[in-house]
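Peer 1: Okay, sequence plus prediction incoming.
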Amino acid sequence: MPPALIPSDWPNRSASVQIACKPHLWHVQDIGPKSDPVLLLIHGAGGSTHSFRHLIPLLATDYRLIVIDLPGQGFTRLGARSRCGVDAMASDIAALCTAQDWPIAAIIGHSAGAAIALRLAEMMPVQAVIGINAALGKFEGASGWIFPLMARLLAITPMVAQIFSKVAATPKQVRNLLASTGSKIDPVGEAQYLHLMRMPTHVGATLAMMSQWNLDALVNRLPRQTTPTLLITAANDLAVPPSVSQKAAQRMPQARAVYVPGYGHLIHEEAAEQVSPLVRGFLAEWVKAQV
């Protein structure tokens with residue numbers, strides 16, 4: 001039975017379960033035929049399983065999808081505030097997959113979720129990784145130290161998440177935030193993000209993730225990343241420039257970047273029909289059914 005805290009109209013709510021695996025209480029959606037190859041879907045910072053709502057039905061006919069909320073975000077209960085960085089989250093997700101005996105064939109990650117996917121590929125055997133507007137670069141210029149510093153200060157300041165959720169999480173603010181990514185999200189999607197932004201636990205965990213985020217080691221190891229990888233990048237992404245994926249793919253021996261004209265950072269939400277053929281084509285090339 002789905003957890004009671006999830007709204008009745010939440011995408012794929014009937015597939016939602018909570019799984020305890022230390023240190024977190026995970027929100028997981030298990031969708032698709034159980035005999036098919038298993039794909040793990042990981043959202044970006046500030047998102048949740050709902051961000052894959054349009055992509056899921058385009059993949060679930062041929063794959064079993066394990067879709068998770070990151071620690072503290074969405075409806076996963078954070079068990080340790082110190083475990084919101086890329087290494088810790090990847091380690092905890094790997095432990096969850098092992099405990100549940102999920103034979104993950106490939107991982108699809110959006111934005112920061114793509115970085116976690118690549119870190120997971122170093123920890124567990126997977127056949128392929130797909131990143132959608134992968135956040136694999138550093139903040140540039142002064143923002144390289146200003147943004148992380150602000151995130152750290154906000155993350156440790158009492159009541160920031162509660163105040164933000166009550167004061168700043170308005171329909172207009174959420175609409176402006178989504179527009180700043182270069183994407184146009186439908187009203188239903190906007191309402192789902194608004195619900196998340198009104199959850200102090202979600203806001204607090206997102207701030208904790210930002211404050212602990214450091215990709216230096218992962219980025220330095222990209223030339224040694226041999227897992228076949230597809231990096232899908234959107235032309236109008238205002239959050240992560242397409243050049244980030246293009247440069248990353250050039251450094252990886254088994255990677256390629258695909259440039260999609262139009263659309264923004266949330267391309268998988270605004271144009272799932274454009275993303276799906278790229279994903280399915282790459283999976284058909286690399287992912288084989290478990291014997």
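Peer 2: Arrived safely.

Peer 1: Spatially, which residue comes closest to residue 231, not counting chain neighbours?
Peer 2: In space, not counting the residues next to it along the chain, residue 231 is nearest to residue 245; the distance is 3.9 Å by C-beta to C-beta, 6 or more residues apart in numbering. Using the backbone N, CA and C atoms, a C-beta is placed for each residue, glycine as well.

Peer 1: Report the contact partners of the one you found.
Peer 2: Residues touching residue 245, when contacts are defined by C-beta atoms under 8 Å, 6 or more residues apart in numbering, comprise 131, 133, 134, 136, 231, 232, 233, 257.

Peer 1: In strands only, show me those.
Peer 2: Counting by DSSP state E, the members of the contacts of residue 245 that fall within strands are 131, 231, 232, 233, 257.

Peer 1: By neighbours, which of these wins?
Peer 2: Each of the ones in strands among the contacts of residue 245 was scored by neighbours using other C-beta atoms under 10 Å; the highest score is residue 131's, at 31 neighbours.

Peer 1: For that residue, give its distance to residue 118.
Peer 2: Here residue 131 is placed at a distance of 7 Å from residue 118 (C-beta to C-beta, to the nearest Å).

Peer 1: Common neighbours of those two, please.
Peer 2: Common neighbours of residue 131 and residue 118 (criterion: C-beta under 8 Å, 6+ apart): 109, 229.

Peer 1: residue ranges for the strands of this structure, please.
Peer 2: All strands of the chain, identified by DSSP E, fall at 16-21, 24-31, 38-42, 64-68, 104-110, 128-132, 229-234, 255-260.

Peer 1: how about CSV for those, with mean pLDDT added?
Peer 2: CSV is the format used below for these (pLDDT from 0 to 100):
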stretch, mean pLDDT
strand 16-21, 97
strand 24-31, 98
strand 38-42, 98
strand 64-68, 98
strand 104-110, 98
strand 128-132, 98
strand 229-234, 98
strand 255-260, 97
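
Peer 1: show me where pLDDT drops low in the stretch 151-291 of the chain?
Peer 2: Residues of the stretch 151-291 of the chain meeting the criterion pLDDT under 70: 151-158, 167-168, 289-291.
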